[in-house]
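K.L.:
can't give you the sequence, but here's the structure:
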């Protein structure tokens, strides 16, 4: 591994960071705003495979990072949008995560997802819609409809999320 050019292998660099840091060190590292967003994204990419229970508390720090960068993520299809996309993929890809997230963190996630619906990055926006289908409220339907993309396949994801939230309202 020492002979590999880690600048070309993002996942390996993220893995190395995870192997070198305790969960508390990772939390402090993730809170550090001087750490490039690209490095934090690399860690999220590795955690998508499996987020060990010991590292679950660090998730709120990554969510805070996304909240701090949400304006850039919405307006540009750049590193901030990619970070948010990877965070949402992590949350959507591991069914056991969302039920274990504290209510106040779920509230923050919902607000983040609502804001990301209008992201320039359609990958980010569609993942936000998928997350809202899981943690949203009926009042989010209007926002889903307002930001529904024109492209039919992507639009169907927004439609499905809205339909799930309408069912909540009917109960």
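P.N.:
In hand now; what should we look at? Here the structure is a predicted model, which is why all the values come from computation and not from measurement. Numbers count the residues shown, from 1 in each chain.

K.L.:
Measure how buried residue 67 is and give me the count.
P.N.:
The number of residues packed around residue 67, counting by other CB atoms under 10 Å, is 16. Yep, even glycine has a C-beta here, placed from its N, CA and C like the rest.

K.L.:
Next, work out how far apart it and residue 25 are.
P.N.:
Relative to residue 25, residue 67 is positioned 22 Å away (criterion: CB to CB, to the nearest Å).

K.L.:
pLDDT weak spots in this protein?
P.N.:
Screening the chain residue by residue with the criterion pLDDT under 70, one finds the ranges 1-12, 171.

K.L.:
contacts for the lengthiest helix in the chain?
P.N.:
For the chain, the longest helix by residue count, based on DSSP state H, is helix 152-170. By CB atoms under 8 Å, 6 or more residues apart in numbering, the list of residues contacting helix 152-170 from outside reads 122, 125-126, 129-130, 132-133, 136-138, 140-141, 144-145, 147-149.

K.L.:
Show me which positions of it end up buried.
P.N.:
154, 157-158, 161-162, 164-165 (16 or more other CB atoms under 10 Å).

K.L.:
sorry, back to before: buried subset of the contacts of helix 152-170 as a PyMOL selection?
P.N.:
Applying 16+ other CB under 10 Å to the contacts of helix 152-170 leaves a buried subset, and the PyMOL line that selects it is:
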select buried, resi 125+126+129+130+132+133+136+140+141+144+147+148+149
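
K.L.:
Tell me how many other residues surround residue 27.
P.N.:
A count of neighbours around residue 27, defined by other CB under 10 Å, yields 18.

K.L.:
Likewise for residue 106?
P.N.:
Other residues near residue 106 number 15, with proximity taken as other CB under 10 Å.

K.L.:
switch to numbering from 273
P.N.:
Got it, first residue is 273 now, which makes that one residue 378.

K.L.:
Just checking, which helix or strand succeeds the helix or strand where it lies along the chain?
P.N.:
Per DSSP states H and E, residue 378 falls inside helix 375-388. Toward the C-terminal end, the helix or strand that comes next after helix 375-388 (DSSP H and E) is helix 394-407.

K.L.:
which residues are in contact with stretch 389-407?
P.N.:
Where contact means CB under 8 Å, 6+ apart, the residues beyond stretch 389-407 that reach it are 345-349, 353-354, 356-357, 360-361, 363-364, 370, 378, 381-382, 384-388, 412, 415-416, 419, 421, 423, 426, 429-430, 432-433, 436-437.

K.L.:
at 6 Å what do you get?
P.N.:
Defining contact as CB atoms under 6 Å, 6 or more residues apart in numbering, one finds that stretch 389-407 is touched by 345-346, 349, 353, 356-357, 360, 364, 370, 378, 382, 385, 388, 412, 415, 419, 426, 429-430, 433, 436.
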